[in-house]
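A.B. asks: With the sequence up front, the predicted model follows.
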Amino acid sequence: MKQPLVFPRQKVGLICVGAISRPQVLLHSFLLVTFLLSPIAAGAVDITQQLHRPLNNSVGRQSRDEADSLLRIGEQQYASGYADKTIASCLRALELYHSIGDLKAQGLTYNLLAKAYVQLSSFKEAEDALRRGLAIARDTKDFQSQIFVLNNIGTFLLQQGEFAAAGKTVEDALSIAHNVKNIEGEGLSLSNLGLVTARLGDYNKAIKLYENALIFRRQTGDAIGEANTLNNLGDAYLASGNYQDTIATYGAAMGTAKTNRDRTNELRAIDGLVKAHTAVGRYQRAFDLLEQRLALAKELQNLREELKSFESYAQLYKQQGNYLTARNFYERAIILARRLEDSKQEVQLLDQLTKMLQRK
């Protein structure tokens, strides 16, 4: 049963979003990647270091210890894929941090809570948690947290199709990052601003923004951020039909991701390369890349990525007119969708297979 959202009372500053059109929204998984890459996410050790602050009374010390423990457990639960348990841990931690008046700790907890809600597709609750975290960052004049929370809110708005509001929010983050000379924040903000611009169809401007973002991300040695921006840049080149630069950029993203064992960006780069090589008729190279993709998915024991690999194989064989082999891969993907109990994906795959067979 879904946990009710219960927050301590505090002032929340909302960003006004006007009524705008809703063009095609980015794929959820792609935006989720961008959201989770924000450097504000802290590991268990980092959280302990950030939260430690001596208290004079034993009751306060006990509450802090329990809250810190809950937050560390929440991080571990989130990393293990138990978003519902993460939420329960965070809500209890928030009560304790509120009782001892630790705003900074509440801000960190809201950030984790928002990520857990996104994982469960509870977007209204995720936005509420993000905005509460932003209010705390503003109250405490924590500029770095403001930068990254604003980027997270911008990414969230982009996912909802609110492009104008997303752009304004990320621009605010970029302005703060520039004023306080936060290089990491400038790289992230420029990359996300490029993402918004690309969704609006201005690929030339998006490419320039991504190229500027890469300069900052390389200065900080943010390899994961660099690979993410390279993939964004590859997407822009692909959308504009520049296949030569598309292949070079995705190739750089794949190399960077592979070196740093960043499997999410490595898989994404492979997907981009498959599309680009297929578009220019290099089918054998596309098949070689799909073979790498499937091997990586199996190595990770990730059934969902295996499913995506089978679907990509099916689509490529279908494009070549090899319907028998395409059917085989569609059927293998459908089996995995059933194992994952993903009825929506199963229906979509069955629909693709039926339409293909009707065209034979």
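C.D. replies: Great, that's in hand.
A.B. asks: Quick check: what element follows the helix or strand bottoming out on mean pLDDT in the chain along the chain?
C.D. replies: Ranked by mean pLDDT, DSSP states H and E, the helix or strand of the chain with the weakest confidence is helix 44-51, at a mean of 36. Downstream of helix 44-51, the next assigned helix or strand under DSSP states H and E is helix 58-79.
A.B. asks: Show me what counts as buried in that next one.
C.D. replies: Buried positions in helix 58-79, judged by neighbour count with 16 or more other Cβ atoms under 10 Å: 60, 63-64, 67-68, 70-75, 77-78. To be clear about C-beta, it is placed using only N, CA and C from the backbone, and glycine gets the same treatment.
A.B. asks: Output the residues you listed in JSON lines, with distance to residue 135 appended to each entry.
C.D. replies: Formatted as JSON lines, these follow (distance: Cβ to Cβ, whole Å):
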{"residue": "60", "distance to residue 135": "23"}
{"residue": "63", "distance to residue 135": "22"}
{"residue": "64", "distance to residue 135": "22"}
{"residue": "67", "distance to residue 135": "19"}
{"residue": "68", "distance to residue 135": "22"}
{"residue": "70", "distance to residue 135": "22"}
{"residue": "71", "distance to residue 135": "19"}
{"residue": "72", "distance to residue 135": "24"}
{"residue": "73", "distance to residue 135": "25"}
{"residue": "74", "distance to residue 135": "21"}
{"residue": "75", "distance to residue 135": "22"}
{"residue": "77", "distance to residue 135": "25"}
{"residue": "78", "distance to residue 135": "22"}
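A.B. asks: got TSV for the residues you listed, with distance to residue 258 and pLDDT too?
C.D. replies: As requested, the buried residues of helix 58-79 are arranged in TSV below (distance: Cβ to Cβ, whole Å; pLDDT from 0 to 100):
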residue	distance to residue 258	pLDDT
60	48	66
63	45	83
64	41	87
67	39	93
68	36	93
70	36	95
71	33	94
72	31	94
73	32	95
74	31	93
75	26	92
77	29	88
78	25	86
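A.B. asks: Let me see the contact set for the residue nearest to residue 71 when sequence neighbours are not counted.
C.D. replies: Among residues not flanking residue 71 along the chain, residue 93 sits closest, at 4.9 Å (Cβ to Cβ, 6 or more residues apart in numbering). The contact partners of residue 93, by Cβ atoms under 8 Å, 6 or more residues apart in numbering, come to 67, 70-71, 74, 105, 109.
A.B. asks: Mind telling me the two of those farthest from one another?
C.D. replies: Taking Cβ to Cβ as the measure, the contacts of residue 93 span a maximum distance of 12.2 Å, between 74 and 105.
A.B. asks: Count the neighbours of the nearest residue to residue 285 once chain neighbours are set aside for me.
C.D. replies: Closest residue to residue 285 apart from its sequence neighbours, by Cβ to Cβ, 6+ apart: residue 277 at 4.5 Å. By the measure other Cβ atoms under 10 Å, the count of residues near residue 277 is 22.
A.B. asks: Remind me which helix or strand residue 277 belongs to.
C.D. replies: Assigned by DSSP H and E, residue 277 falls in helix 263-279.
A.B. asks: What residues sit buried inside the following helix or strand past that helix?
C.D. replies: With elements assigned by DSSP H and E, the helix or strand that comes after helix 263-279 is helix 283-299. Across helix 283-299, burial judged by 16+ other Cβ under 10 Å covers 285-287, 289-290, 292-294, 296-297.
A.B. asks: Just the C-alpha atoms of helix 283-299, please, in CSV.
C.D. replies: Taking C-alpha atoms only, helix 283-299 is exported to CSV below (Å, rounded to 0.1, in the frame of the first residue of the first chain):
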residue,chain,number,x,y,z
TYR,A,283,23.4,-3.0,-40.9
GLN,A,284,26.3,-5.3,-40.0
ARG,A,285,27.8,-2.7,-37.7
ALA,A,286,24.3,-2.2,-36.1
PHE,A,287,24.1,-6.0,-35.5
ASP,A,288,27.6,-6.0,-34.0
LEU,A,289,26.6,-3.3,-31.6
LEU,A,290,23.4,-5.1,-30.6
GLU,A,291,25.4,-8.2,-29.9
GLN,A,292,27.5,-6.1,-27.5
ARG,A,293,24.4,-4.6,-26.0
LEU,A,294,22.8,-8.0,-25.3
ALA,A,295,26.0,-9.3,-23.8
LEU,A,296,26.2,-6.3,-21.5
ALA,A,297,22.6,-6.7,-20.4
LYS,A,298,23.2,-10.4,-19.6
GLU,A,299,26.4,-9.5,-17.7
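A.B. asks: Give me the mean pLDDT for that helix.
C.D. replies: For helix 283-299, mean pLDDT rounds to 96.
A.B. asks: how much space is there between residue 101 and residue 114?
C.D. replies: Residue 101 sits at a distance of 22 Å from residue 114 (criterion: Cβ to Cβ, to the nearest Å).
A.B. asks: Now residue 275: closest residue in space, sequence neighbours ignored.
C.D. replies: Among residues not flanking residue 275 along the chain, residue 238 sits closest, at 6.3 Å (Cβ to Cβ, 6+ apart).
A.B. asks: Backbone dihedrals for residue 302, both of them.
C.D. replies: Main-chain dihedrals, residue 302, degrees, to the nearest 10: phi -110, psi 100.
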